[in-house]
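sequence and predicted model, in that order:
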Amino acid sequence: MTQAETSANPGTVLFVDDEPNILSSLKRLFRPTGFRVLTAPNGQDGLNLLDTETVDVVVSDMRMPQMDGAAFLKAVRERHPQIERILLTGFADMESTVSAVNDGGISRYLNKPWKDHEILTTVKDAVNRGRLQAEVTRLHALTADQNAKLKNMNAELEARVLARTRDLQTAIGKIKEANESLKQNFLTTVRVFSDLVEMRSGHMAGHSRRVAQHARQLAKASGLDDTATQNIMLAGLLHDIGKIGLPDDLLGKPYNTFKPEERSLYIRHAERGEAALTAVSQLKAVSKLVRHHHEMWDGTGFPDKLTGLAIPLGAQILAIANDYDGLMQGQLTARPLPAREALVYISQNAGKRYNPELANTFVRMMSKASGRRADGISLRPGMLKQGMRLVQDLLHPDGYLLLPKGHVCDEDSIIQLRRLETSSSRNITVQVEDSPRGAST
């Protein structure tokens, strides 16, 4: 019952007594209170009335024929436990009173003859107490219902959050895959441009890839982070892109044989390389390394004659890797130098051309690498079998990439290599794993 309904309905009281004059007196007494008053002459009639009426308080006499007050109130308690129960007795029968208290669960007992004020107050208090208990019960039920709904809502929310989390994880995974694909495509594009540069000078085939590989290894050995290492590797692949506009005869000559006007033309390729790459936002940092990869530690390099630590660290690393491979290809000297002599040159020029700490690290790194047995074996295309895996990039004699490291030979690639070797009249050597897994004839 709501608060508005409670105010409109003061309450209903049922009086049960076998004496009609007692019932008449109680009705007269309670008429001014506004309570709705019901009466019954015995316990059974009282129970029948309770089955059809809404009652707040039952006031029952103790001594009645057929069913006494204790039995009646016990039945009321069992059938309608929410109704407040009061015992009205004219006898000092302690045993009956105790039975009414224990079995009938009465909240109060009054003696006959009653005091009007006492019985009025007792009934009013019982009505209020019953309604308060009913409201508490209602609120408990409402709270339980709301808690159940909240629990269901939380469960649904958790399920939605989990589903949304899974969707986000799936989306993130797809984004990572897309980014990785874009990254690989970007690197492939960089390698293609690198190959295009080297196709103009067949004797330098693979130079940019080797420079990129050595520079990447030196960057890692020097403790650079992944981003800096990748920029250095990309700069290694693209460091000679500014040579695209140089004459063919100039590209085939060692640097120390250049005439003054040729040298003047040649040293501009670093600036041209930077200009070509600056327009690509992903290569902005790389373009700076390309510009300065010919700077020397003592300030005698080009194009800006930077000295020492004023040279970008990536360009310092690139200078060592570039000169090392250039020395072995005869690009810097009149004759190609073997790896050991190239390392001696790097070591001797530490503190002059190169950062001394980086030069020493590079010499130790390459000396250690040369002491290890190279993985894989060299085979001609006619000896390849399906399932063999390449342990290094396979370059065309003109310098561009044919097959990447890690490629697993299949029937088609083997046939293509055999045809290329026949049509070009050049021997092609493929480095593959020594004991390839899954190789078949």
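Happy to help now that I have it.

any weak-confidence spans in the protein?
Residues of the chain meeting the criterion pLDDT under 70: 1-8, 91-104, 178-205, 252, 370-376, 397-400, 434-441.

which stretches in it count as strands?
All strands of the chain, identified by DSSP state E, fall at 12-16, 36-40, 57-61, 84-89, 108-111, 377-379, 394-395, 401-403, 430-432.

distance of the spatially most central residue of the chain relative to Asn154?
Closest residue to the average C-alpha location of the chain: Gln169 at 6.3 Å, with C-alpha atoms, centre = their mean. In this view, Gln169 and Asn154 are 22 Å apart by C-beta to C-beta, to the nearest Å. Bear in mind the C-beta positions are built from the backbone N, C-alpha and C, glycine included.

go on, Asp45?
Taking C-beta to C-beta, one finds Asp45 at 52 Å from Asn154.

can you check Ser25 too?
From Ser25 across to Asn154, the span is 59 Å (C-beta to C-beta).

before we move on, what about Ile311?
Going from Ile311 to Asn154 by C-beta to C-beta gives 61 Å.

and those two? Which one has more around it.
Neighbours per residue (other C-beta atoms under 10 Å) separate Ile311 from Asn154, with Ile311 holding more: 23 against 10.

can you tell me how far the more buried one sits from Leu403?
Distance from Ile311 to Leu403, by C-beta to C-beta: 36 Å.

around Glu341, how many other residues sit close by?
14.

need the contact list for it.
If you count contacts by C-beta atoms under 8 Å, 6 or more residues apart in numbering, Glu341 has them with Leu327.

and it, how close does it get to Tyr324?
Using C-beta to C-beta, one gets 11 Å for the distance from Glu341 to Tyr324.

isn't Gln316 right next to Glu357, touching?
No - in this structure Gln316 lies outside contact range of Glu357 using C-beta atoms under 8 Å: 9.5 Å.

more neighbours, those two?
Neighbour count, other C-beta under 10 Å: between Gln316 and Glu357, Gln316 has more, with 26 against 12.

how about the contacts made by that one?
Gln316 is in contact with Glu295, Trp297, Tyr354, Asn355, Leu358, counting by C-beta under 8 Å, 6+ apart.

now Ile267
Ile267 neighbours (C-beta under 8 Å, 6+ apart): His294, Phe302, Pro303.

could the contacts of Gln316 go into CSV alongside neighbour count?
Output for the contacts of Gln316, formatted as CSV (neighbours: other C-beta atoms under 10 Å):
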residue, neighbour count
Glu295, 26
Trp297, 23
Tyr354, 24
Asn355, 22
Leu358, 22
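
any chance of those residues in TSV, plus distance to Lys124?
Shown next, in TSV, are those (distance: C-beta to C-beta, whole Å):
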residue	distance to Lys124
Glu295	103
Trp297	105
Tyr354	105
Asn355	100
Leu358	99
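
identify, from the residues you listed, the entry nearest to Lys174.
Nearest to Lys174 among the contacts of Gln316 is Leu358, at 40.6 Å by C-beta to C-beta.

tell me if I'm right that the closest one and Ile320 touch.
Yes - the pair Leu358 and Ile320 passes the contact test of C-beta under 8 Å, sitting 6.0 Å apart.

domain ranges for the protein?
Here the domain assignment for the chain is 3-137, 199-372, 375-441, based on automatic domain parsing.

to Lys176, which of the ones you listed lies closest?
Of all these, it is domain 199-372 that lies closest to Lys176, at 15.4 Å by C-beta to C-beta.

how about the helices in the stretch 201-350 of the chain?
Taking DSSP state H, counting those that start in this stretch as the criterion, the stretch 201-350 of the chain contains helices spanning 207-221, 226-238, 248-251, 260-266, 269-278, 284-292, 313-329, 339-348.

for the stretch 51-200 of the chain, same thing?
Going by DSSP H, counting those that start in this stretch, the stretch 51-200 of the chain shows helices at 69-79, 94-104, 116-198.

now the first one - C-alpha only, PDB.
Meaning helix 69-79. Output in PDB follows, covering the C-alpha atoms of helix 69-79 (Å, rounded to 0.1, in the frame of the first residue of the first chain):
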ATOM      1  CA  GLY A  69      -8.700 -17.000  21.300                       C
ATOM      2  CA  ALA A  70      -5.300 -18.800  21.400                       C
ATOM      3  CA  ALA A  71      -6.400 -21.300  18.700                       C
ATOM      4  CA  PHE A  72      -8.000 -18.500  16.600                       C
ATOM      5  CA  LEU A  73      -5.000 -16.300  16.700                       C
ATOM      6  CA  LYS A  74      -2.700 -19.200  15.900                       C
ATOM      7  CA  ALA A  75      -4.800 -19.900  12.800                       C
ATOM      8  CA  VAL A  76      -4.700 -16.200  11.900                       C
ATOM      9  CA  ARG A  77      -0.900 -16.300  12.200                       C
ATOM     10  CA  GLU A  78      -0.700 -19.300   9.900                       C
ATOM     11  CA  ARG A  79      -3.000 -18.000   7.200                       C
END
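
same for that helix, what does it pack against?
helix 43-50, strand 57-61, strand 84-89, helix 94-104 (3 or more C-beta pairs under 8 Å, 6 or more residues apart in numbering; DSSP states H and E).

direction included, what does the second one pair against?
When pairing is defined by DSSP bridges, strand 57-61 lines up against strand 12-16 (parallel), strand 84-89 (parallel).

got the angle between it and helix 116-198?
With axes from the mean of the first three to the mean of the last three C-alpha atoms, to 10 degrees applied, the angle from strand 57-61 to helix 116-198 works out at 150 degrees.

just want the angle from strand 57-61 to helix 69-79.
Using the same axes, to 10 degrees: strand 57-61 against helix 69-79 is 160 degrees.

how far does strand 57-61 sit from its chain's centre?
In terms of C-alpha atoms, centre = their mean, to the nearest Å, the centre of strand 57-61 is set 69 Å apart from its chain centre.

now swap in stretch 215-234 and tell me
Averaging C-alpha coordinates over stretch 215-234 and over its chain gives two centres that are 28 Å apart (C-alpha atoms, centre = their mean).

quick one: end-to-end length of it, please.
Using C-alpha to C-alpha, to the nearest Å, the end-to-end distance of stretch 215-234 comes to 10 Å.

try stretch 233-251
In stretch 233-251, first residue to last residue: 23 Å (C-alpha to C-alpha).

quick check: buried residues in it?
The neighbour-count check on stretch 233-251 (16 or more other C-beta atoms under 10 Å) flags 233-243, 246, 250-251 as buried.
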